[in-house]
Structures are given as structure tokens and as C-alpha cells.
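Visitor: What follows is a predicted protein model with its sequence.
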Amino acid sequence: MPRKFKVTVNGREYDVTVLELTAGQSASPVAAPAVAAPVAAAGSASIAAPAAVAPAAASVAGAGDEVAGMGGVVVEVLVKVGQTVASGDQLLVLEAMKMKTPVIASRGGQVTRVLVAPGDAVEGGQPLVTIG
């Protein structure tokens, strides 16, 4: 049986409905309600519901692209367009969860594109460098 609660997050109140389950009971296939609109505080203008954040679409990797093995932030780019690299050379450094991870060239060739810069946030599978 669904129960209704009022939750305050970062100073905003939300009306939520929670389905209480007991041990061994699974949730019914009832569709979850859409994001609840925040309740306007007394004396204030109505507050718009927070917009749903659509996941950023990662670019599709092509031939010769070296991709991020994980999401993170680019700390350092070690290659430039036109530079020749060998398989196993370090191309750049990503940081995720306070760990720095090198991105290594899986092939040798000439760098034809550098698609990121230090400080850029990247997703796993996102092309970083193209080696032609």
C-alpha cells in the first residue's frame, strides 16, 4: 500500500509516494510516478519542478579513436596533433575517484585529432584521441 510523505531536500519540499514492502514481497509492476513538483513554500511564488537531466550522449568512436575506459576528468594531455606515437605510449591522464589513470595508445601512428583538453569531463567510451 503506497504511503505519502513530504521530504525536504536542500530546503525544497517534495511530496513523495513510497510503496512499503515486507520481506519476501516484491514491488508490483506499477509505473513509478514522474518527478514530483516541489511544493511552494508559504508566501513564495511557485517553484518550477527541476528539469530532468538527460544523460549526455557520448560521441561514437570511429576507427583509430582511443576512448576513455571510464568516466572522469582529463588531467593532462600528453600528445599533440601531428605527433607520432607507438603502441603503448601514454596519451593522456584521466582522474576518477581521486585516482589518476593513464590512457595508453592501442596502436601506433600519427595523432590526427585531440578531442579533449585538461579539465574536460568525459564518459566511458568517449573518443579522446584519434590515431591515423
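Guide: That came through, no problem. Residues are numbered from 1 along each chain as shown.
Visitor: Which helix or strand in the protein has the lowest average pLDDT?
Guide: strand 38-39 (a mean of 53; mean pLDDT, DSSP states H and E).
Visitor: got a list of contacts for the next helix or strand after that one?
Guide: Later in the chain than strand 38-39, the nearest helix or strand by DSSP states H and E is strand 65-67. The contact list for strand 65-67 (C-beta atoms under 8 Å, 6 or more residues apart in numbering) reads 61, 91, 103, 105-106, 124-131. C-betas here are computed from N, CA, C, even on glycine.
Visitor: strand partners of strand 65-67, parallel vs antiparallel please.
Guide: strand 127-131 (antiparallel) (DSSP bridges).
Visitor: Need the mean per-residue confidence for the partner strand.
Guide: Over the span of strand 127-131, the pLDDT mean works out to 94.
Visitor: likewise stretch 102-110?
Guide: On average, stretch 102-110 scores 94.
Visitor: Helices of the chain, start to end?
Guide: Taking DSSP state H, the chain contains no helices at all.
Visitor: ok so, going back, and the contacts of strand 65-67, which are buried?
Guide: 91, 103, 105, 126-131 (16 or more other C-beta atoms under 10 Å).
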